[in-house]
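[1] quick one, structure for this:
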Amino acid sequence: MPMRCLTVTGIDTASHIAATQSAARFDPESVRIFHPRDERERDRIVAEYFDSRLGYLKELDYARLEAKVTEGLAEFERIFARRPVSTVPPRYLWGSAAEKAFAAHGIRYLHGANKQGGRHRGAGDVWARPFGVRLGEGLIGIPRNTDVEVRPDNSLPSMETVLEEADQAVATGQPIVICTHACNYATDGPALGNQMCDFLGRVLDELKRRYPDLRYLSAEEAGRLAERGEVSVRLEGQERPLRLAGPLKSAWLAGRDLYLRRSKIRLYIQALAVLAVLAAAMQIVSWKRTQRNRDEEN
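    Residues are numbered from 1 along each chain as shown. Predicted coordinates for the structure are as follows:
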């Protein structure tokens with residue numbers, strides 16, 4: 001049976017208590033700069049990684065993007081007095097230049113959502129990336145599969161939905177990777193912050209009750225687990241090690257994403273499919289005509 005483990009992303013944690021208390025380490029200025037609540041400000045942060053003026057998301061040149069990564073890492077080190085080994089690209093969107101910049105600064109793991117933004121020119125969404133998926137520059141992806149994030153209207157998800165997502169992760173041999181952001185606990189007022197901490201605590205209590213052998217992991221520990229490939233994901237009913245499952249599943253998802261998000265590629269594939277059907281139909285007609293001629297000769 002795969003190891004059952006849990007990490008709470010957005011909050012650096014190795015224990016239940018740390019998960020519900022670390023938000024206080026964020027100071028107001030850092031929250032204002034890097035975690036704005038205003039939609040326009042969030043769009044500005046996305047624009048710092050991508051240029052959308054051409055009608056699609058185009059990655060910034062390496063020098064500009066690397067400067068933004070350097071700024072963010074310096075702020076992290078100022079607050080936590082250490083260099084990070086993992087990060088989350090804004091809106092889960094990144095490209096090859098970002099991967100190069102992250103790797104150059106010692107980042108090894110990219111946390112993201114179960115619905116991961118496309119890596120190339122902001123292409124669409126790629127669903128259900130497996131835990132430990134191999135990315136460019138030797139980086140490793142750690143998708144978030146259990147969402148306890150506060151909603152835009154300040155409501156919380158239902159406990160039933162959260163537990164269903166966690167159970168699905170366990171059933172597919174993946175760690176429970178909880179999606180939450182410490183900034184939300186620090187910026188929305190004491191009442192909502194306390195409510196969110198209470199909800200997260202109840203989620204962790206219930207998961208511990210369901211899975212008594214549950215092991216808590218920090219973000220770095222989860223990344224090291226992914227590097228070793230100790231957790232399996234199921235593909236078509238069979239368990240395969242991550243080092244095989246990750247690239248195979250990622251290749252299929254990338255192809256699917258190109259088909260769904262690139263109209264020219266979609267039209268090209270559809271045209272090829274029509275031609276293939278027509279060719280098959282002509283082969284069948286030719287075969288039947290040949291059979292009929294043979295029958296007449298006999």
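[2] residue 72 is in contact with residue 88, isn't it?
    No. Counting by C-beta atoms under 8 Å, residue 72 sits too far from residue 88 to count as a contact (10.1 Å). Yep, even glycine has a C-beta here, placed from its N, CA and C like the rest.
[3] where in the protein is pLDDT low?
    Within the chain, the segments meeting pLDDT under 70 span 1-58, 91, 93, 113-130, 152, 182-190, 230-263, 298.
[4] please enumerate the strands of it.
    5-9, 50-51, 58-59, 86-87, 109-113, 115-117, 125-127, 133-134, 140-144, 146-147, 176-179, 215-216, 233-235, 238-240 (DSSP state E).
[5] I'd assumed residue 179 was in contact with residue 148.
    Yes. With contact defined as C-beta under 8 Å, residue 148 reaches residue 179; the gap is 6.7 Å.
[6] settle it for me: which of these two has more neighbours?
    Comparing residue 148 with residue 179 by neighbour count (other C-beta atoms under 10 Å), the higher total belongs to residue 148, at 25 against 21.
[7] list the contacts of the more buried one.
    156-157, 162, 178-180, 199-200, 203 (C-beta atoms under 8 Å, 6 or more residues apart in numbering).
[8] next one: residue 83
    Taking C-beta under 8 Å, 6+ apart, one finds 73, 76-77, 105-106 in contact with residue 83.
[9] same check on residue 73?
    83-84, 87, 105.
[10] let's see that with 10 Å instead.
    83-84, 87, 101-102, 105-107 (C-beta atoms under 10 Å, 6 or more residues apart in numbering).
[11] which pair in these has the greatest spatial separation?
    83 and 101 (14.3 Å; C-beta to C-beta).
[12] by contact count, what packs against the top helix by length along the chain?
    For the chain, the longest helix by residue count, based on DSSP state H, is helix 263-297. On a contact count with 3 or more C-beta pairs under 10 Å, 6 or more residues apart in numbering; DSSP states H and E, helix 263-297 meets helix 242-261.
[13] in the stretch 51-200 of the chain, which spans are helices?
    Remark: helices assigned in the stretch 51-200 of the chain by DSSP state H, counting those that start in this stretch are 62-80, 96-104, 159-171, 182-187, 189-210.
[14] in the second one, what's buried?
    Think helix 96-104. 97-102 (16 or more other C-beta atoms under 10 Å).
[15] just those now: which is nearest residue 286?
    residue 99 (51.1 Å).
[16] hang on, the closest one packs against residue 138?
    Yes. Residue 99 is within contact range of residue 138, at 8.8 Å (criterion: C-beta atoms under 10 Å).
[17] for residue 145, grab phi and psi.
    phi -120, psi 0 (degrees, to the nearest 10).
[18] that one against residue 173, yeah?
    No. Counting by C-beta under 10 Å, residue 145 sits too far from residue 173 to count as a contact (11.6 Å).
[19] list residues touching both of those two?
    Joint contacts of residue 145 and residue 173 (C-beta under 10 Å, 6+ apart) are residue 131.
[20] re the thing from before, mind giving me a markdown table with the contacts of residue 83 and columns for distance to residue 281?
    Below are the contacts of residue 83 laid out as a markdown table (distance: C-beta to C-beta, whole Å):
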| residue | distance to residue 281 |
| --- | --- |
| 73 | 59 |
| 76 | 61 |
| 77 | 65 |
| 105 | 57 |
| 106 | 58 |
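[21] can I get the buried part of those residues as one ChimeraX selection?
    Selecting only the buried entries of those in ChimeraX, with 16+ other C-beta under 10 Å as the criterion:
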select :73,76,105
